[in-house]
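Participant: Below are the sequence and a predicted model; questions follow.
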Amino acid sequence: MSLKYSQMHLDRCTNQRKDLRWLKAQFQSSNALFCPVQEGNNFFNAQAQPIYLKRDQIIDVSINSCVFLGKDDEHTYFAFDSNKLSLRAQESLCEAGQWLPLRNIGATVSHTDCAILALAKGLIHWHKTHLYCGKCGAINKLIEAGHARKCTHSQCRNMTFPRTDPAVIMLIEHLDEQGVARCLLGRQSAWQLGMYSTLAGFVDPGETLEEAVAREVLEESGIVVDTGNVSYVASQPWPFPASIMLGFCASASSQAIDISNDDLEDAQWFTRAQLAQFVAKEDPIEYQAGQFRMSSIDSISHYLISAWHAGKIGKY
Ligand SMILES: [Zn+2]
């Protein structure tokens with residue numbers, strides 16, 4: 001089992017892409033493919049498969065507006081913000097496909113495409129939110145094939161690099177009085193009815209990942225976790241809009257759930273037998289009272305729950 005949005009097969013050409021002559025040759029090559037992003041959405045055909053554009057379809061877009069994603073044996077991939085196209089070109093694009101949130105259809109898109117689309121979406125989002133220098137407020141310009149921005153103020157020249165916000169996500173387990181293993185899942189009120197997921201939260205400055213796990217679990221559920229019992233499992237790029245999910249498993253030192261200090265609608269302990277009764281998030285059946293749903297199949301939450309259910313992670 002592998003995680004969506006990971007396993008990027010493209011060579012990012014980290015050193016070569018800084019060479020403008022090399023970059024121009026890639027940009028002008030007939031093998032170049034361009035991945036448009038519009039307001040955080042990627043571009044898909046009627047079958048919800050990604051559409052990559054050729055150079056002659058985006059003649060309004062200059063190399064200075066494109067982000068180099070990487071290359072494989074056949075193609076070189078770039079991303080760009082569709083707002084860089086003329087209005088006419090944007091309209092004709094709308095007739096050729098549809099803009100969809102990757103998150104909503106990630107489960108049906110291949111691993112290869114998901115990794116490329118996620119990188120495109122993440123980098124374009126970063127450019128859109130770093131138009132100005134964070135130090136002096138002057139305009140930033142795209143440099144190094146879109147993997148850095150530089151302040152245009154002659155006295156400043158501050159460089160800014162793409163950032164990724166770390167978030168921890170954790171499968172918390174324990175043994176109840178009967179010796180039955182249970183895992184802790186919670187839900188937010190905005191979610192699909194019956195859907196439960198592993199707890200998660202952002203890492204604070206000045207905090208280790210293990211401390212973030214323990215703090216988030218305590219804040220959200222009142223459950224105590226000893227940082228010495230936290231084990232790393234896996235990570236997943238999560239450009240929705242700018243995170244990486246760091247997955248952990250940990251055993252709890254307490255059992256009584258208290259959600260009164262946080263925004264969870266509910267949190268519960270679930271046995272493996274109960275998890276086996278969960279229906280998939282993607283299952284179109286109507287919600288019935290008492291029915292539980294798994295988090296979406298493209299998420300690391302699903303990965304952690306499935307791995308624990310199969311006895312592949314955790315002590316119990
Ligand atoms: Zn500046």
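Facilitator: Received, thanks. Owing to the predicted nature of the structure, the values given are computational and were not obtained by experimental measurement.
Participant: Identify all contacting residues around stretch 38-57.
Facilitator: By C-beta atoms under 8 Å, 6 or more residues apart in numbering, the residues outside stretch 38-57 that reach it are 27-28, 30, 32-37, 75, 77, 81-83, 89, 93, 96-102, 105, 108-109, 113, 116-117, 120-121, 125, 241. The way it works is simple: take the backbone N, C-alpha and C, and place the C-beta from them, glycine included.
Participant: which residues does the nearest residue in space to residue 202 that is not next to it in sequence contact?
Facilitator: Closest residue to residue 202 apart from its sequence neighbours, by C-beta to C-beta, 6 or more residues apart in numbering: residue 167 at 5.0 Å. Applying C-beta under 8 Å, 6+ apart, we find residue 167 in contact with 200-203, 238, 243-246.
Participant: Then residue 274?
Facilitator: Neighbours of residue 274 in contact, by C-beta under 8 Å, 6+ apart: residue 292.
Participant: Could you measure from the closest residue to residue 2 other than its chain neighbours over to residue 6?
Facilitator: What sits nearest to residue 2 in space, not counting adjacent residues and going by C-beta to C-beta, 6+ apart, is residue 111, at 6.6 Å. Distance from residue 111 to residue 6, counting by C-beta to C-beta, to the nearest Å: 8 Å.
Participant: Separate out the buried members of the contacts of residue 167.
Facilitator: 200-201, 203, 238, 243-246 (16 or more other C-beta atoms under 10 Å).
Participant: Can you flag which of these belong to helices?
Facilitator: Judged by DSSP state H, those include no members of helices.
Participant: Out of the residues you listed, the closest to the ion would be?
Facilitator: residue 243 (26.2 Å; C-beta to the ion).
Participant: give the contact list for that closest one.
Facilitator: Residues near residue 243 by C-beta under 8 Å, 6+ apart: 164-167, 202.
Participant: where does it land on pLDDT?
Facilitator: Predicted confidence (pLDDT) for residue 243: 97.
Participant: Report the beta-bridge partners for it.
Facilitator: In this entry, residue 243 is beta-bridged to residue 165, residue 238, by DSSP bridges.
Participant: which other residues reach the longest helix seen in the chain?
Facilitator: The helix that spans the most residues within the chain, counting by DSSP H, is helix 111-128. By C-beta under 8 Å, 6+ apart, the residues outside helix 111-128 that reach it are 2, 4-10, 35, 37, 40, 42, 49-50, 67, 69-70, 77, 79-81, 102, 106, 109, 142, 146-147, 149, 162-164, 237, 239, 241-242, 298.
Participant: Now do that helix, average pLDDT.
Facilitator: Mean pLDDT, helix 111-128: 97.
Participant: Just the CA trace of the helix or strand just after that helix, in PDB.
Facilitator: Downstream of helix 111-128, the first helix or strand assigned by DSSP states H and E is strand 140-143. Presented in PDB, the C-alpha positions along strand 140-143 are these (Å, rounded to 0.1, in the frame of the first residue of the first chain):
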ATOM      1  CA  ASN A 140       9.100  39.600  -5.400                       C
ATOM      2  CA  LYS A 141      10.000  38.000  -8.700                       C
ATOM      3  CA  LEU A 142      10.100  34.400  -9.700                       C
ATOM      4  CA  ILE A 143      13.700  33.000 -10.100                       C
END
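Participant: Please flag which of the contacts of helix 111-128 sit within strands.
Facilitator: Among these, the members falling in strands (DSSP state E) are 35, 37, 42, 67, 69-70, 77, 79-81, 142, 149, 237.
Participant: So which of those residues wins on neighbours?
Facilitator: Highest neighbour count within the ones in strands among the contacts of helix 111-128, by other C-beta atoms under 10 Å: residue 42, with 29 neighbours.
Participant: From the ion, how far off is that one?
Facilitator: Distance of residue 42 to the ion, computed by C-beta to the ion, to the nearest Å: 31 Å.
Participant: So in terms of bridging, what pairs with that residue?
Facilitator: Per DSSP bridges, the residues bridged to residue 42 are residue 37, residue 100.
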